[in-house]
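Enquirer: Here's my sequence, what's the structure:
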Amino acid sequence: MRPTTPELMAAIVESLERQVAPNVQDKWAASALRSATQLLNHLAVRTEREGRMLAEDNRDVHHVLEAALPRLAVQAEFSDLRAAVERALNDPDPSLQDTVGLDARNEIYQTAVEQLLRRPGVRTLDGSSVYESLRSYLRRRLQREYPLYFPVFTGPPF
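Expert: Below is the predicted model:
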């Protein structure tokens, strides 16, 4: 469909920068306008990539949590964490076209990851391999999300 969502947002940004920005005299209003254009640029990138990124991230974190599950079974003190991870893993997967569902699924996974990272004993569980696999996953996640923020947010400050 033409224009695409990113094309529409780019046209809005161009119009704001070309027609509105030169006529804004108030510093606060100019700052709000720069913020709005940067957020529109971010959304333009995000709408194109978000579904694929979420699907990839969900696959990645699913494998990490799946690998951690048997290690959590070793010690009774982690039974609540094991149950939380099992719930996250057993939640139904949305279709790859359902960005809202993919995002909700990702939030469930992230809650399980946060619970694991917050539990002090996980750092030493299985020679810290669970903890290190979580950290490695988070580094991969940051790399996946990097294009959503850079170079979009490298312009003038708000």
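
Enquirer: what pLDDT, on average, does the lengthiest helix in the chain get?
Expert: With DSSP state H setting the assignment, residue counts place helix 27-72 as the longest helix in the chain. Taken as a whole, helix 27-72 has a mean pLDDT of 94.

Enquirer: Equivalent analysis for stretch 133-151, please.
Expert: Averaged across stretch 133-151, pLDDT comes to 94.

Enquirer: for that stretch, which positions count as buried?
Expert: Within stretch 133-151, the residues that qualify as buried are 133-134, 137, 141, 144, 148, counting by 16 or more other C-beta atoms under 10 Å. Heads up, the C-betas are built off the backbone N, CA and C, glycines and all.

Enquirer: do the same with stretch 126-135
Expert: In terms of neighbour count (16+ other C-beta under 10 Å), stretch 126-135 has its buried residues at 126, 130-131, 133-134.

Enquirer: For burial, what's the neighbour tally of Ala76?
Expert: 8 (other C-beta atoms under 10 Å).

Enquirer: among the buried residues of stretch 133-151, which are in helices?
Expert: Counting by DSSP H, the buried residues of stretch 133-151 place 133-134, 137, 141, 144, 148 in helices.

Enquirer: Distance to Arg59 added to those, as JSON lines?
Expert: As requested, those are exported to JSON lines (distance: C-beta to C-beta, whole Å):
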{"residue": "Ser133", "distance to Arg59": "15"}
{"residue": "Leu134", "distance to Arg59": "16"}
{"residue": "Tyr137", "distance to Arg59": "11"}
{"residue": "Arg141", "distance to Arg59": "12"}
{"residue": "Arg144", "distance to Arg59": "11"}
{"residue": "Leu148", "distance to Arg59": "18"}
